[in-house]
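Enquirer: Need a 3D model of the sequence below.
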Amino acid sequence: MSKREIMQAFVGLLLALLVAILSSTIVSNALPRIIADLDGTQSQYTWVITAMLLTSTATTPIWGKLADLFSKKMLYQLAIVIFTIGSVLGGFAQSMPELITYRALQGIGMGGLQALVQAVIAAMISPRERGRYSGYIGATFAVATVSGPLLGGIIVDSPLGWRWCFWVCVPIAVIAFIVLGKTLKLPVITRDVKIDWLGATLIVGGVALILIWVSLAGNQFDWWSITTALYLGGAVLALGLAVLVEAKVAEPVVPLALFRNRSFSLAVIGTLAVGTAMFGGAVFLAQYYQIARGYSPTHAGLMTMPMVLGLFVSSTVSGQVVSRIGRTKPFLVTGAALLVVALGLLGTIDADVDLVQMGVYLAMMGAGTGMLMQNLVLVAQNTVGMRDVGSSTAVVTFIRTLGGSAGVSALGAVLAANVATYIAEGAAERGLPTGGGPGGGAGTLDVDALPAPVQDIVRHAYGDALGDIFLIAACVAVVTLVAVSFIKETPLRSTLDIAEEPAGTDSTEGAAVPAPTPAVVASPARTVVTGVVTAGGHPVPGATLTLTDATAPRSTSAGPARTARTGSAAASPGATPSSPPPRVCNRRPGPSNSAPRPIRRRNQRRHQRRHQRRHCAGTSR
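Expert: Coordinates of the predicted model:
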């Protein structure tokens, strides 16, 4: 694809990704109104979010594997169609069970959009050039994250109503579908299709049990209970069986061989804290600004702009620089260190912290996340060939989403416990009862409806508790810093596939298909080096390559010869994959040996040229 065609297709990819991210954030401010209109309960409120998160996370590895077996373009368009159908049906929902079902359908399409966008880019652009495009993806994440809640609030407060929160993304999805259909041109690698249905079922089941557990624990049942043991036991059993199945099948959903590469495994570990920071930043910051500081939802969304701008700038700039220098580790280490420092500073906040100071902390966290998020995906893709690029991309995206959802749920439980503790301590100091406040039993979050003394206690409790949450997140980010520090620095290759790397150059660590190694045959009279002739990255059948020592007697080549000046293979025009090897001229002129050596060499070259013109026209030497 030309650069213009790549940019046109890239616009369609970004539009589809924008729709997917908007759909997960635009409904957040509309949920209270939706619950009221559809007579929903608090548990159903949770499932509106959990259903989409569950299906998108669980299906991510499956989408990635399908991308390695079928057309990436067809799959991406299919994901757009599934997502669009779920969005349209969600706007027509008449009950909470219907809405939860349609949100689950939306999640299946969203999982495909998130998992396949990087795989499609990997099929168009080499890792060396992929950095700048990955930066644009990070910028799209940032824009969609901050604009979703704002757009949702505007739509809910307008005459359109909450149903248009589902429908507003449909025109953008249709435009993305049309643009990709006209501009995206990817090569389709044909291979035997063997879908591992058993492994896919076990993986989806194990992941579903984990996500359901982290979503319901602390609300429906205690974290330490028999129910928790059943959920975790079932998840461990399902995932353990999945590992056994994946190790034996020919086409595993998650190729376990990927984890033999140190850089890939460390990139997967490093992406955990990125998910926690990205998802937790949106969830917990909204609570901080609305409850601890008393701002409206729209105002709270605007207060997160420093984080979004930091993510936007760092992901874009780092992507441009990575494409120029071909290295990612400096940005990975810098981003991880910046994320640890930023989360540690956010761990010191309370309800009275200066907002400018808070904005600086958020900008640092966004900058660290921007350097890490897409570059970790790039590291994982650089370790594999095109055969497994879909699976490797999906694994990183899957771990990031799983770490974010599980981390947010666990940190949310810690937040609830700490808020209750701080409220009880503050009320005890002032001699007030605690039964009617948040966390004290009633569970209301309408702080403005509470008496003035209780409002002050609740706001300070949330401010202090959220500081504790970010401090725990900083500890998780230390794991990311350690992981990226041990990633082996491997220059980004300038070819799409590892097999296309020229012979004699250093291949990527863990390369599955190394370049052909020339065989060297030495003899007392001459040195002959033979190799494989490639055209467009693929070996030419029936063609060989022979290099001879210029100072020794010349030997006859069994295929295309390599010129001494340029070192390039001179293949016959008629040598096609289906044609026999070109005819070789075996007639050799013999100059006189009576002349001195310089004159003898000159005469030999003269005889060779004359012999070539007269007797070897149309043949290969």
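Enquirer: Could you check which helix or strand contains K65?
Expert: helix 42-69 (DSSP states H and E).
Enquirer: Flag every buried residue along that helix.
Expert: Residues of helix 42-69 classed as buried by neighbour count (16 or more other C-beta atoms under 10 Å): 44, 46-69. Glycine gets a C-beta too; all of them are placed from N, C-alpha and C.
Enquirer: just stretch 341-361 next, same as before
Expert: Quick answer for stretch 341-361 (16+ other C-beta under 10 Å): 341-347, 349, 351, 353, 358-359, 361.
Enquirer: I'd like the distance from it to the chain centre, please.
Expert: Mean-position distance between stretch 341-361 and its chain equals 29 Å (C-alpha atoms, centre = their mean, to the nearest Å).
Enquirer: Quote the end-to-end distance of it.
Expert: For stretch 341-361, the first-to-last residue distance is 9 Å (C-alpha to C-alpha, to the nearest Å).
Enquirer: average pLDDT across it?
Expert: For stretch 341-361, mean pLDDT rounds to 89.
Enquirer: For the closest residue to T401 other than its chain neighbours, which residues are in contact?
Expert: Closest residue in space to T401, ignoring its immediate chain neighbours: T57 at 4.7 Å, by C-beta to C-beta, 6 or more residues apart in numbering. Neighbouring residues of T57 by C-beta atoms under 8 Å, 6 or more residues apart in numbering: G111, V207, L211, F398, T401, L402, S405.
Enquirer: could you redo the last one with a cut-off of 10 Å?
Expert: Residues near T57 by C-beta atoms under 10 Å, 6 or more residues apart in numbering: 107, 110-111, 114, 204, 207-208, 210-211, 397-402, 404-406.
Enquirer: distance of it from T101?
Expert: 17 Å (C-beta to C-beta, to the nearest Å).
Enquirer: Repeat that for D37.
Expert: Using C-beta to C-beta, D37 is found at 17 Å from T101.
Enquirer: for S225, same thing?
Expert: Taking C-beta to C-beta, one finds S225 at 28 Å from T101.
Enquirer: Who has more neighbours out of these two?
Expert: T101 (16 against 12; other C-beta atoms under 10 Å).
Enquirer: do you know how far the more buried one is from K72?
Expert: Counting by C-beta to C-beta, the gap from T101 to K72 is 28 Å.
Enquirer: mind listing the helices for the stretch 251-400 of the chain?
Expert: 262-287, 297-303, 305-325, 329-346, 355-382, 389-430 (DSSP state H, counting those that start in this stretch).
Enquirer: Which among the ones you listed is found nearest to A9?
Expert: helix 389-430 (16.5 Å; C-beta to C-beta).
Enquirer: Run the chain-centre distance for the closest one.
Expert: 22 Å.
Enquirer: Which neighbouring elements make contact with the helix or strand following it?
Expert: The helix or strand immediately downstream of helix 389-430 is helix 452-485, counting by DSSP H and E. When contacts are defined as 3 or more C-beta pairs under 10 Å, 6 or more residues apart in numbering; DSSP states H and E, helix 452-485 sits against helix 262-287, helix 329-346, helix 355-382, helix 389-430.
Enquirer: could the helices of the stretch 251-400 of the chain go into CSV alongside distance to A235?
Expert: Shown next, in CSV, are the helices of the stretch 251-400 of the chain (distance: least, C-beta to C-beta, whole Å):
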stretch, distance to A235
helix 262-287, 17
helix 297-303, 35
helix 305-325, 32
helix 329-346, 28
helix 355-382, 24
helix 389-430, 11
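Enquirer: Where does pLDDT dip in the stretch 351-500 of the chain?
Expert: For the stretch 351-500 of the chain, the stretches with pLDDT under 70 are 386-388, 433-449, 493-500.
Enquirer: one more time with 50
Expert: 436-444, 500 (pLDDT under 50).
Enquirer: How about the stretch 501-621 of the chain?
Expert: Using pLDDT under 50, the stretch 501-621 of the chain drops low at 501-526, 552-580, 582-589, 591-592, 619-621.
Enquirer: What is the burial count for K488?
Expert: 13.
Enquirer: And it, how far from E129?
Expert: 21 Å.
Enquirer: Output the buried residues of stretch 341-361 as a markdown table; include the columns distance to G148.
Expert: A markdown table is the format used below for the buried residues of stretch 341-361 (distance: C-beta to C-beta, whole Å):
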| residue | distance to G148 |
| --- | --- |
| V341 | 28 |
| A342 | 23 |
| L343 | 23 |
| G344 | 28 |
| L345 | 26 |
| L346 | 22 |
| G347 | 27 |
| I349 | 24 |
| A351 | 26 |
| V353 | 26 |
| M358 | 21 |
| G359 | 20 |
| Y361 | 22 |
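Enquirer: Farthest pair within those residues?
Expert: V341 and A351 (22.5 Å).
Enquirer: And the pLDDT for the residue nearest to T401?
Expert: Predicted confidence (pLDDT) for T57: 78.
Enquirer: residue contacts, V179?
Expert: Q8, A9, F10, V11, G12, L13, L14, L15, A16 are the contacts of V179 under C-beta under 10 Å, 6+ apart.
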